[in-house]
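**Student:** Predicted model follows, preceded by the sequence.
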Amino acid sequence: MCGIAGSFGKPDPGKIKIMLGMMEKRGPDDRGIYTAHDVVLGHNRLTIIDLNTGRQPLFNEDGTISLVFNGEIYNYKKLRAWLKSMGHKFKTDTDSEVLLHLYEELGPDMVYKLDGMFAFAIYSKNDFLLARDPLGIKPLYYGKDSEGTLYFASEIKGLLQITDDVKEFPNGHFYTHTRGFERYFRIKTEQEISADEETLIEELEEKLSKAVQKRLMADVPLGVFLSGGLDSSLIAAMARKYVDGELHSFAVGIKGSDDLYYSRIVAQHLGTTHHVFEYTKEDVIKALPQVIYYLESFDPALVRSAIPTYFVSRLASRYVKVVLSGEGADELFAGYEYLKRHKLEDINEELLRITNNLHNTNLQRVDRMTMANSIEGRVPFLDVEVVNFAFSIKEDLKLSPVKYTEKWILRKVAEKYLPKQVVWRKKEKFAHGTGTSHILAEWAKEAGNLDPAVESGIYKGAGDTRCNYMEEQAYRKIFKKYFPKVKDLSFVGKTRSILPGEIS
């Protein structure tokens, strides 16, 4: 996991150095910049694999192709073996070098071979390639300056040092100077498996278990976020199967919160080395401006859940460099309360919409909060094979007509791993389970100098997104202090609209 930045056009390494400086927490272990006649590539490194020889920018054997890369390629060993059989020579053990040789072999179509989370840039004398992973787990933004030079960066704050023209690079796409943007991934939704219930449960367990196993690849200590909810607990239980020895788990919340209670039950059940941070109202309010700065969003749902994610990432950073997280399960298996108001036959369509939007909602939150604390977050539920399989499952196995239970099939998998009280625990938003939501809602009301019109949905900021209620306007004021140059806010992560009455 790292931070990348660069330009294609008129080279100015000084600007790239400034951009990297704004994203230093994404990679505090090393920094590298490469400049050629029409390109600059920059990289902040967080060492995860091959700690000694993985410095970037990285070059092929004759120095004609260069790379900066953020992410992990989980099938890199298989690709490396194939490339070796094709005659390629390797000088490191990194997944980064595999990308270079794969580009030599396949060009931009290399992206079809990759299993992982990634954002990278490759420069050769013939072309320039930018690519982002299928679901946008890893961030990437781009824009042009007044002279037409193309810039890219892992975070908005990096690009804003150079240009006001900021756009989000679309997930599941690549871009080349010669071919432009091309989409290489869509979630498969056309197939519907007719297997019996037990077979589907077993197949889901197998695919999710494999997804967890491949994400345990690291040369550094690894742990799990453990809220005590269904999703994180199941990931922790599956990780426990494959980790010999100590497995660290991490939980946060205000004193007496549900997440702290249930996380201890799961940690004891699995035998993890469990770490807890109990925070106060004062801790939340003190951290809020910094969280909004790192989050790069003022969306209330994201901000509320980003606070505990920031605290748990900070806690984890004292012990590990890699964490597994349960993000994605709610989107794949109908975990949200509002879905119960949909017709059952329409649920998969709505799940597809919110899954395709994860790149600038919950995935943005997890990436920014982990990276703000210089650790890497991995999300097994969003393994492409798991995602495609989930959309082949009928709606009534996700949102069961029996008591309208959400994530029903996932709970059936979890029955093999977890205590019953955890498996059938009612879904709680992360900010609710940790006790953060009420603190922030009350703070917004007490903050003062806010327009009461937002409570009725009247307020609209000049030329950009609507502020639906007072809490959002309060966060937006902080956002504007850090990002005053932003004019078009269309790229800022937004969850579904939340009415004032739903703030609690």
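**Tutor:** Structure received. Everything numeric here is computed off the predicted structure, so don't read it as measured data.

**Student:** Would you mind listing the buried residues in the helix or strand where F311 lies?
**Tutor:** Counting by DSSP states H and E, the element that carries F311 is helix 300-316. Residues of helix 300-316 classed as buried by neighbour count (16 or more other C-beta atoms under 10 Å): 300-316. Quick note: C-beta positions are derived from backbone N, CA and C, even for glycine.

**Student:** Is M117 bridged to anything, and to what?
**Tutor:** On the basis of DSSP bridges, M117 is bridged to E72.

**Student:** Check the burial of it by counting its neighbours.
**Tutor:** Residues lying near M117 (other C-beta atoms under 10 Å) number 27.

**Student:** Next one, pLDDT for it please.
**Tutor:** With respect to pLDDT, M117 scores 98.

**Student:** Surely it is in contact with R132?
**Tutor:** No - with contact defined as C-beta atoms under 8 Å, M117 does not count as touching R132 (9.4 Å).

**Student:** Let me know the pLDDT of E385.
**Tutor:** 98.

**Student:** joint contacts of M117 and R132?
**Tutor:** Counting by C-beta atoms under 8 Å, 6 or more residues apart in numbering, the shared contacts of M117 and R132 are K138.

**Student:** Go ahead and confirm Y262 touches G229.
**Tutor:** Yes - Y262 lies in contact with G229 (C-beta under 8 Å); the separation is 7.1 Å.

**Student:** hey, what's in contact with both of the two?
**Tutor:** 422, 425.

**Student:** For K481, grab the count of nearby residues.
**Tutor:** Quick note: K481 (other C-beta under 10 Å) scores 11 neighbours.

**Student:** Spit out the contact partners of Q268.
**Tutor:** Contacts of Q268 (C-beta under 8 Å, 6+ apart): H274.

**Student:** related to what we said a few turns ago, report the mean confidence score over the helix holding F311.
**Tutor:** Here helix 300-316 scores 96 as its mean pLDDT.

**Student:** helices or strands next to it in the packing?
**Tutor:** Counting contacts by 3 or more C-beta pairs under 8 Å, 6 or more residues apart in numbering; DSSP states H and E, helix 300-316 packs against strand 222-225, strand 248-253, strand 273-278, helix 281-295, helix 362-371, helix 430-434, helix 436-446, helix 470-482.

**Student:** Check the gap between K412 and D196 for me.
**Tutor:** Distance, K412 to D196, by C-beta to C-beta, to the nearest Å: 13 Å.

**Student:** between these two, who's got more neighbours?
**Tutor:** Neighbour tally, K412 and D196, criterion other C-beta under 10 Å: the higher count belongs to K412, 19 against 8.

**Student:** Report the contact partners of the nearest residue to D283 once chain neighbours are set aside.
**Tutor:** Nearest residue to D283, sequence neighbours excluded (C-beta to C-beta, 6 or more residues apart in numbering): F311, at 7.5 Å. With contact set as C-beta under 8 Å, 6+ apart, F311 has these partners: 252, 277, 279, 283, 287.

**Student:** Please convert the residues you listed to JSON lines, extending it with neighbour count.
**Tutor:** Output for those, formatted as JSON lines (neighbours: other C-beta atoms under 10 Å):
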{"residue": "V252", "neighbour count": "30"}
{"residue": "F277", "neighbour count": "17"}
{"residue": "Y279", "neighbour count": "23"}
{"residue": "D283", "neighbour count": "17"}
{"residue": "A287", "neighbour count": "17"}
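
**Student:** Reformat these as a markdown table; add pLDDT.
**Tutor:** Converted to a markdown table, the contacts of F311 look like this (pLDDT from 0 to 100):
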| residue | pLDDT |
| --- | --- |
| V252 | 97 |
| F277 | 97 |
| Y279 | 95 |
| D283 | 97 |
| A287 | 97 |
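
**Student:** hang on, the earlier thing: how much space between the residue nearest to D283 and R215?
**Tutor:** Distance from F311 to R215, by C-beta to C-beta: 23 Å.

**Student:** Then K144?
**Tutor:** Counting by C-beta to C-beta, the separation of K144 from R215 is 36 Å.

**Student:** R314 now?
**Tutor:** With C-beta to C-beta as the criterion, R314 and R215 are 21 Å apart.

**Student:** go on, K78?
**Tutor:** Counting by C-beta to C-beta, the gap from K78 to R215 is 15 Å.

**Student:** of those two, who's got more company?
**Tutor:** Taking neighbours as other C-beta under 10 Å, K78 and R215 compare with R215 leading, 24 against 13.

**Student:** who's in contact with that one?
**Tutor:** 72, 74, 324, 378, 380, 383.

**Student:** Please repeat the previous calculation with a cut-off of 7 Å.
**Tutor:** R215 makes contact with 74, 324, 378, 380, according to C-beta atoms under 7 Å, 6 or more residues apart in numbering.

**Student:** So what pairs up with the third one in the strands?
**Tutor:** When bridges are called by DSSP bridges, R378 pairs up with L324.

**Student:** quick one: contacts for it?
**Tutor:** Applying C-beta under 7 Å, 6+ apart, we find R378 in contact with 215, 322, 324-325.

**Student:** Could you do the last one as well?
**Tutor:** The contact partners of P380, taken as C-beta under 7 Å, 6+ apart, are 208, 211-212, 215, 235, 324.

**Student:** Now do the residue of the chain positioned farthest from its centre against E61, distance only.
**Tutor:** Computed with C-alpha atoms, centre = their mean, the residue of the chain farthest from its C-alpha average is G87, at 35.3 Å. From G87 across to E61, the span is 11 Å (C-beta to C-beta).

**Student:** What separation do you get for S313 and V320?
**Tutor:** From S313 to V320 the distance is 10 Å (C-beta to C-beta).

**Student:** In stretch 388-401, which residues are buried?
**Tutor:** Neighbour-count burial for stretch 388-401 [16+ other C-beta under 10 Å]: 389-393, 395, 397-400.
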